[in-house]
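[1] Generate coordinates for the sequence data below:
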Amino acid sequence: MNVEKQIIDQRINKMLEENMELFSDEDQEKNRSKAFLLLGVAAYLDIDLVEAERLVTDGGNDGGFDAAYIVENQDSQLDVVLFQSKYTRNLDKDSNFPANAVEKAVNTIKCVFDPATQIKLNPKSEEKVNEIRSFILDGQIPYVTFVMLNNGLSWNQDGENHIQNSFGGQKQVQFVHFCHSDILSYVNRSKSIDTQISLSGKAVQEDFNYNRVILGRVSVKEIYNLMEQFGDSLLEKNIRRYLGRNTVNDGIIQTLEDSEKRPNFFFFNNGVTMICEKFSYNALQEQNWIVKIKQLQIINGGQTCKTIWQTLKEHSDIDFSQVYLLVRLYEVNADEGIIQDITYATNSQNPVDFRDLKSNDEIQVLIEKSAEDLGYLYKRKRDNSMSISSTNTIPSTVAAEAVLAVWRERPHLAKYKRNEFFNKYYSIIFEDLNAAQMIIAVLIFRYCGSRRKHKCEDSNILASRPFSQHFLAYMIGKQILQWHKIELRALTHINFYDIKTYFEDNKEDLYVRAETCLTELLTKYFNTDNLSEIDGRTMAAVFRRFDIVENYFKNDSWWNEHMRNNQGRQENE
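    I've put the predicted structure just below:
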């Protein structure tokens, strides 16, 4: 029996035992499949399991995908990662990912990314598809990665034929196999990497402020060998997610594939930045150093390295021996402060996830300590423990999303700009934020997320529910402040428990009033009494652009009058 499969199966058993509320299906095999899906999504995207659970769409009429990650990127690019999961209970069996499931995934892409195609979906899948299509209709260009997740082998030649027949040469689509061993590699990725790299030609070595640096060039084959041997464990401190093909990666691939441009690859690429605890080489040798490295990590250029590895793997017939890349290797003696500064400086002009980079900021540490005093665990850093946290555990990503929606009055950005929370919107979210404000925002946000799953017979309400969580949280936050007749800055540890108790005692009424208000607002905005007639893509686009807030919440007395009426009713009750 495969040991890696056993370890993953043990983790699934633990998840089922400790989180019964997430796995409530009477069919235990479905619960096991969902647990494996969560493990795979969290590992592939490098996110917490709590975040992964929000991406799940599986069930009847799921459209051929079990989870979906959507993020708006630069240059009118929409990155979409879809997952299809197959978990085999028989751990002795090594079967391929089913070819018919690959065919279904191919058809899914054809349907989902063509707004003119009709497709029957469950509510969760429909929400994701409507969001994708609203972006497409606004001119965004989707780049799709379809992750085939299982605890077995990749698809066979029949499956590959389905992919190539439909998307062979299509740069916007790629299929990835991700299995139990990949999940385990993610969990265990913190092991030290001690290796060596061969520099080509002359290099420069300098000492700066008790640190050392080498600048040189390496063959792309050297990068390929590193990625082949160590994979994503090289990228532990790299704050960029690799989501597949995009315009930058396409440029790298085109240069490597072009026989005329290939020799000049060194001049077209910004290179790779690496850090290590220690390096050594033969200083008596004038050139072509072999550099021995202890605890190697790539902190900038992870996408470049992954793309090089992928391209060379697909073109084993091409001679890449004279294709070079600039490498900067820093010896930093495990100084996390220096590592953080270098990482920020070398990534600051790129669309990256800065959560780990910002995790040691003073405000993050203060929120963590203050939240602990209030009975909550604030996770300012990602971890790969693959454990689902309790309700009193708040990942910094969830906190950022809730605060941006509830207190910073930007629910549209909170929903669609998750990859920029710790970069572009970091100061907006966290400046002057205390733990009490953060926790209340998260409690409101989480309640809205769970409440929207309740049954409802009102077709007008159902029309907006797939998109309304962030907006309702924002509206409830405004109600709470108005009821207590305070501004946000007055919400502190002093009145935290009073406000928390008020919310817990009145959250259902607050939600209903906010949802009623939002429904009235939407019928006014669309000038219709039947919101179910509004196309889902149109509804998604309205929430994404925040038109309703710009037109009514901020510039119209209607909102304030409505809120005063709500408060008056509540006081009478």
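[2] drop to CA atoms for contacts and neighbour counts, all remaining ones
    Noted.
[3] Run through the stretch 151-300 of the chain and note the low-pLDDT ranges.
    189-191, 208-210, 236-248 (pLDDT under 70).
[4] can you pull out the strands in it?
    If DSSP state E, counting those that start in this stretch is used as the criterion, the strands of the stretch 151-300 of the chain fall at 173-179, 195-198, 200-208, 211-219, 272-276, 278-280, 290-294, 297-300.
[5] Could you tell me the angle between the fifth one and strand 211-219?
    Angle between the axes of strand 272-276 and strand 211-219 is 130 degrees (criterion: axes from the mean of the first three to the mean of the last three C-alpha atoms, to 10 degrees).
[6] Could you do the first one as well?
    Using the same axes, to 10 degrees, the direction of strand 173-179 lies 120 degrees away from that of strand 211-219.
[7] rewinding a little: hey, which of the strands of the stretch 151-300 of the chain is tucked in deepest?
    Ranked by mean neighbour count, those are led by strand 297-300 with a mean of 25 (mean count of other C-alpha atoms under 10 Å).
[8] what sits up against the next helix-or-strand element following it?
    Sequence order places helix 302-314 as the next helix or strand after strand 297-300, per DSSP states H and E. Helix 302-314 is contacted from outside by 220-221, 223-225, 227-228, 235, 238, 240-242, 249, 252-253, 256, 271-272, 318, 320, using C-alpha atoms under 8 Å, 6 or more residues apart in numbering.
[9] Same check on stretch 83-92?
    Taking C-alpha under 8 Å, 6+ apart as the rule, stretch 83-92 contacts 1-2, 5-6, 32-33, 36-37, 41, 64-68, 97, 105, 146-152.
[10] Filter the residues you listed down to the ones in helices?
    5, 6, 32, 33, 36, 37, 41, 105 (DSSP state H).
[11] Of the contacts of stretch 83-92, keep whichever come out buried.
    Buried members of the contacts of stretch 83-92, scored by 16 or more other C-alpha atoms under 10 Å, are 5, 32-33, 36-37, 41, 64-68, 97, 105, 146-152.
[12] Among the contacts of helix 302-314, name the ones in helices.
    Among the contacts of helix 302-314, the residues falling in helices (DSSP H) are 220, 221, 223, 224, 225, 227, 228, 249, 252, 253, 256.
[13] Which PyMOL command selects the buried ones in the residues you listed?
    Remark: buried members of these, expressed as a PyMOL selection using 16+ other C-alpha under 10 Å:
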select buried, resi 220+221+223+224+227+249+252+253+256
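[14] could I get the ones in helices among the contacts of helix 302-314 as CSV with distance to residue 156?
    Shown next, in CSV, are the ones in helices among the contacts of helix 302-314 (distance: C-alpha to C-alpha, whole Å):
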residue, distance to residue 156
220, 29
221, 28
223, 28
224, 25
225, 25
227, 24
228, 22
249, 27
252, 28
253, 25
256, 28
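[15] And residue 78, what's its pLDDT?
    Looking at residue 78, its pLDDT is 88.
[16] do you know how far it is from residue 404?
    Per C-alpha to C-alpha, to the nearest Å, residue 78 is found 22 Å from residue 404.
[17] Look at those two and report which has more neighbours.
    residue 404 (27 against 21; other C-alpha atoms under 10 Å).
[18] what about the more buried one, distance to residue 299?
    Taking C-alpha to C-alpha, one finds residue 404 at 28 Å from residue 299.
[19] Kindly report the same for residue 444.
    36 Å.
[20] What of residue 56?
    For residue 56, the distance to residue 299 - C-alpha to C-alpha - is 30 Å.
[21] Ok, residue 137 next?
    36 Å.
[22] Could you work out the end-to-end span of stretch 78-92 for me?
    Start-to-end, stretch 78-92 (C-alpha to C-alpha) is 40 Å.
[23] got it, and stretch 277-293?
    Using C-alpha to C-alpha, first and last residues of stretch 277-293 are 8 Å apart.
[24] hang on, residue 48 packs against residue 42?
    Yes. Counting by C-alpha atoms under 8 Å, residue 48 does reach residue 42; the two are 5.8 Å apart.
[25] and residue 443, that one's in a strand?
    No. Counting by DSSP: H, G, I helix; E, B strand; the rest coil, residue 443 is not found in a strand; it is helix.
[26] how many other residues sit next to it?
    Neighbours of residue 443 using other C-alpha under 10 Å come to 21.
[27] Ok, residue 391 next?
    Residue 391 has 11 nearby residues by other C-alpha under 10 Å.
[28] what's the answer for residue 60, then?
    12.
[29] Quick one: residues contacting it.
    121, 122.
[30] redo that, cut-off 10 Å
    Counting by C-alpha atoms under 10 Å, 6 or more residues apart in numbering, residue 60 makes contact with 120, 121, 122, 123, 125.
[31] Which one of the residues you listed sits in the busiest neighbourhood?
    Busiest of these [other C-alpha under 10 Å] is residue 125, holding 26 neighbours.
[32] Shouldn't that residue be within a helix?
    Yes. Assessed with three-state DSSP, residue 125 lies in a helix.
[33] now it: how far from residue 139?
    In terms of C-alpha to C-alpha, residue 125 sits 22 Å off from residue 139.
[34] and what of residue 468?
    Distance from residue 468 to residue 139, by C-alpha to C-alpha: 23 Å.
[35] Please say which of these two ends up with more neighbours.
    residue 468 (24 against 12).
[36] which residues sit in contact with the more buried one?
    Contacts of residue 468 (C-alpha under 10 Å, 6+ apart): 411-412, 415, 448-449, 452, 461-462, 474, 515, 518, 539-540, 543.
[37] Can you turn the buried part of those into a PyMOL selection?
    Here is the PyMOL command that selects only those of those that count as buried (16+ other C-alpha under 10 Å):
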select buried, resi 411+412+415+448+449+452+461+462+474+515+518+539+540+543
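[38] So residue 435 sits against residue 489, correct?
    No. Using C-alpha atoms under 10 Å, residue 435 is not in contact with residue 489; the gap is 11.7 Å.
[39] Same drill for those two, tell me which one is more crowded.
    Between residue 435 and residue 489, counting by other C-alpha under 10 Å, residue 435 is the more crowded of the two (26 against 10).
[40] Next one: the more buried one, what pLDDT does it get?
    Per-residue pLDDT puts residue 435 at 96.
[41] so who does it touch?
    If a contact means C-alpha under 10 Å, 6+ apart, then residue 435 has 363-364, 366-374, 376, 378, 399, 441, 491-493, 496 as its contacts.
[42] Flag the shaky bits of the stretch 351-500 of the chain, pLDDT-wise.
    In the stretch 351-500 of the chain (pLDDT under 70), the answer is 351-357, 382-390.
[43] Could you check how far stretch 491-499 is from the centre of its chain?
    Relative to the centre of its chain, stretch 491-499 is centred 32 Å away, using C-alpha atoms, centre = their mean, to the nearest Å.
[44] Using CSV, write out every CA atom in that stretch.
    C-alpha atoms of stretch 491-499 as CSV (Å, rounded to 0.1, in the frame of the first residue of the first chain):
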residue,chain,number,x,y,z
LEU,A,491,-15.5,50.6,18.4
THR,A,492,-12.8,49.3,20.7
HIS,A,493,-12.1,46.6,23.2
ILE,A,494,-14.0,48.6,25.8
ASN,A,495,-17.4,48.1,24.1
PHE,A,496,-16.5,45.0,22.1
TYR,A,497,-18.5,42.5,24.1
ASP,A,498,-21.5,44.8,24.2
ILE,A,499,-21.5,45.2,20.4
